[in-house]
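Asks: sequence unavailable; structure follows:
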Ligand SMILES: N[C@@H](CCC(=O)N[C@@H](CS)C(=O)NCC(=O)O)C(=O)O
Ligand SMILES: [Zn+2]
Ligand SMILES: [Zn+2]
């Protein structure tokens, strides 16, 4: 059987709603769930194959999107949150009991500082932006996927209409490079 990329991808993509404006995400504890409330839909929602983003069991990819950090509040059981790796660029706040990542936050100078990384599958609500692309696809090899399976994985993304990239999408890579250029003193007209 073909490997599961992610439950939100395997059987085709369900479009989100442009009028949807947020909702609640909860961890997977049976009781005393950590709850966060998002006052915004996500943007740049995508499949991520890196080793650090949270994935449901059996899935090769995470589905992760961003929201302005001001749109994120912890609304229940905040004391169960702990940062997975304080040295990482993205400080992923996970539930100490079930391991689910509720939000990832960047505190250092970075093009994505001000945006939090979240997994909308932790919500019961419908309307969240659907995945737009797949990133860090080759990274799944680092967790044991066979290099010879990569054609099949990329073909599965293509079949559901998602472009597969080995880093991020061109839009996001351009944002990162623009930030780096501006930091080095380059000024672009009309930007
Ligand atoms: N090949 C590496 C890629 C790691 C990576 O660069 N992940 C990206 C996508 S989430 C990132 O922005 N990482 C920053 C961080 O994890 O803090 C892996 O699989 O661990
Ligand atoms: Zn939990
Ligand atoms: Zn990732």
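Replies: Looks like it arrived, so ask away. Please read these numbers as outputs of a predicted model, since none were measured by experiment. Ligands and ions are numbered 1, 2, ... in the order given.
Asks: near ligand 2, which residues of this structure?
Replies: Contacts of the chain with ligand 2, taken as CB under 5 Å from the ion, map to 27, 29, 95, 97-98. Every C-beta, even on glycine, is put in place using the N, C-alpha and C of the backbone.
Asks: between these, identify the one with the most neighbours.
Replies: residue 27 (23 neighbours; other CB atoms under 10 Å).
Asks: that one reaches residue 33, doesn't it?
Replies: Yes. If you go by CB atoms under 8 Å, residue 27 and residue 33 touch, sitting 5.1 Å apart.
Asks: overlap of the contact sets of these two?
Replies: Shared contacts of residue 27 and residue 33, defined by CB atoms under 8 Å, 6 or more residues apart in numbering, comprise 77, 95.
Asks: surely residue 70 is in a helix?
Replies: Yes. Secondary structure of residue 70 (DSSP: H, G, I helix; E, B strand; the rest coil): part of a helix.
Asks: so does stretch 83-103 get close to ligand 1?
Replies: Yes. Stretch 83-103 lies within reach of ligand 1 by CB under 6 Å from any ligand atom, at 88-90.
Asks: need these in a markdown table (columns: secondary structure and neighbour count).
Replies: Below are the residues of stretch 83-103 next to ligand 1 laid out as a markdown table (DSSP: H, G, I helix; E, B strand; the rest coil; neighbours: other CB atoms under 10 Å):
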| residue | secondary structure | neighbour count |
| --- | --- | --- |
| 88 | coil | 12 |
| 89 | coil | 13 |
| 90 | strand | 23 |
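Asks: tell me which of the residues you listed is nearest to ligand 2?
Replies: Ligand 2 has its nearest neighbour among those in residue 90, at 19.2 Å by CB to the ion.
Asks: roughly how far apart are the residue nearest to the closest one when sequence neighbours are not counted and ligand 2?
Replies: Nearest non-adjacent residue to residue 90, counting by CB to CB, 6 or more residues apart in numbering: residue 104, 4.0 Å away. Applying CB to the ion, to the nearest Å, the value for residue 104 to ligand 2 is 16 Å.
Asks: and the pLDDT for residue 104?
Replies: On pLDDT, residue 104 comes in at 98.
Asks: offset the numbering so it begins at 288, please.
Replies: Fine by me, first position is 288 from now on; the one you just mentioned is residue 391.
Asks: that one falls within a strand, correct?
Replies: Yes. Assignment of residue 391 by three-state DSSP places it within a strand.
Asks: and it, bridged to which residues?
Replies: residue 379, residue 404 (DSSP bridges).
Asks: for it, which residues are in contact?
Replies: Here residue 391 is in contact with 340, 351, 377-380, 403-405 (criterion: CB under 8 Å, 6+ apart).
Asks: that older thread, any chance of the residues of the chain next to ligand 2 in TSV, with pLDDT too?
Replies: Below are these laid out as TSV (pLDDT from 0 to 100):
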residue	pLDDT
314	98
316	98
382	98
384	98
385	98
